[in-house]
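S.K.: Just a sequence and a predicted model for now, questions to come.
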Amino acid sequence: MGDPPPSTGDPLVRVVLKKISKRFARHAALVRVDLELTHGRVCVIMGENGAGKSTLLNLVSTELAPDEGTIRYETAGGLRLEGQALRSRMGYVSHAPMVYPELSALENVTFFARIGGVKDAAREAGDILERLGLDPRSPKPASAFSRGMLARLAAGRALVTRPELLLLDEATSGLDREGRRALVDIVARVAPDRIVVVVTHQLSTAANLAEQLVLLRRGRLARQEDLARLTTAERQSRIRDLLDNPRIS
């Protein structure tokens, strides 16, 4: 797979969150968060457990609806997307694999490629699996996979459709070093032609990907920084400092 841009004449280029709040019973998961996600720029979201990271990603994915505020999905031509027209342009990778346990790796990814309208679905599926370190020729069902193998398979399922909005929620969790490197490399390679949002607690993953860093603290936006011009080593040092000294901006 050569990682071409998504094949739409009017690509999704911006997601704008305005004063987003979300509550679960008496718990305020997010409080009046403003955030803009843009094409070609990897946004990494970090924070302690319970800070609201996954809730924010689930709101962007439309799995949840905000209690207050608005989320706009805008194309280059000025259209605002919603419903299936929006969801068909998304790819989502979480710590839960969301694959069919009775199918092999190739069968799983080929199936998702076909329903996503990918041409030559089996070839594309096999290519992405090989790049993620899985054998597309293996008949082993996903139910027999290790946690690391399932994480790679879940990534392949989402990436094979070349989504315009790629969301990753702790996607490198459970991967060994080689698996993390493979996934980070693919995400970095496709990012210039997509909107990419990564939730992670891993400093190395954040340092390798973050051009826009968002730190959440107790459901609020604590810090937001532009790291695009920094080296990986400089990002790692800066992120470590910010995590040690968060504040509400």
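M.R.: Nice, thanks for sending it over.

S.K.: so who does Phe199 touch?
M.R.: Not quite, residue 199 is Val, not Phe. Counting by C-beta atoms under 8 Å, 6 or more residues apart in numbering, Val199 touches Val44, Ile45, Met46, Lys53, Ser54, Leu56, Leu57, Leu168, Asp169, Glu170. C-betas here are computed from N, CA, C, even on glycine.

S.K.: Please narrow those residues to those residing in helices.
M.R.: The members of the contacts of Val199 that map onto helices under DSSP state H are Lys53, Ser54, Leu56, Leu57.

S.K.: Out of those residues, give me the one that has the most neighbours.
M.R.: Compared across the ones in helices among the contacts of Val199, Leu56 has the highest neighbour count, 28 neighbours, by other C-beta atoms under 10 Å.

S.K.: you'd agree it is up against Leu30?
M.R.: Yes: the pair Leu56 / Leu30 is scored as a contact, 6.1 Å apart, by C-beta atoms under 8 Å.

S.K.: which residues are common contacts for these two?
M.R.: With contacts taken as C-beta under 8 Å, 6+ apart, Leu56 and Leu30 have Ile20, Leu216 as neighbours in common.

S.K.: Could you check how far the helix or strand bottoming out on mean pLDDT in the chain is from the centre of its chain?
M.R.: When each helix and strand of the chain is scored by mean pLDDT, DSSP states H and E, helix 177-190 comes last, with a mean of 83. Computed by C-alpha atoms, centre = their mean, to the nearest Å, the chain-centroid distance of helix 177-190 equals 12 Å.

S.K.: Go through stretch 133-152 and flag the buried ones.
M.R.: For stretch 133-152, the neighbour count (16 or more other C-beta atoms under 10 Å) marks Gly133, Leu134, Pro136, Pro141, Ala142, Phe145, Gly148, Met149, Leu150, Ala151, Arg152 as buried.

S.K.: now stretch 100-120
M.R.: For stretch 100-120, by 16+ other C-beta under 10 Å, it's 103-114, 116, 118.

S.K.: Lowest-confidence entry in the residues you listed?
M.R.: The lowest pLDDT within the buried residues of stretch 100-120 belongs to Gly116, with 86.

S.K.: Dump the next helix or strand along the chain from the least confident helix or strand of the chain to PDB, restricted to CA.
M.R.: Using DSSP states H and E, the helix or strand that follows helix 177-190 in sequence is strand 195-199. Output in PDB follows, covering the C-alpha atoms of strand 195-199 (Å, rounded to 0.1, in the frame of the first residue of the first chain):
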ATOM      1  CA  ILE A 195      -6.700  14.400  10.600                       C
ATOM      2  CA  VAL A 196      -5.200  12.100  13.300                       C
ATOM      3  CA  VAL A 197      -6.000  12.100  17.000                       C
ATOM      4  CA  VAL A 198      -4.100   9.800  19.300                       C
ATOM      5  CA  VAL A 199      -4.900   9.200  23.000                       C
END
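
S.K.: List the strands paired with strand 195-199, with their directions.
M.R.: strand 42-46 (parallel), strand 165-169 (parallel) (DSSP bridges).
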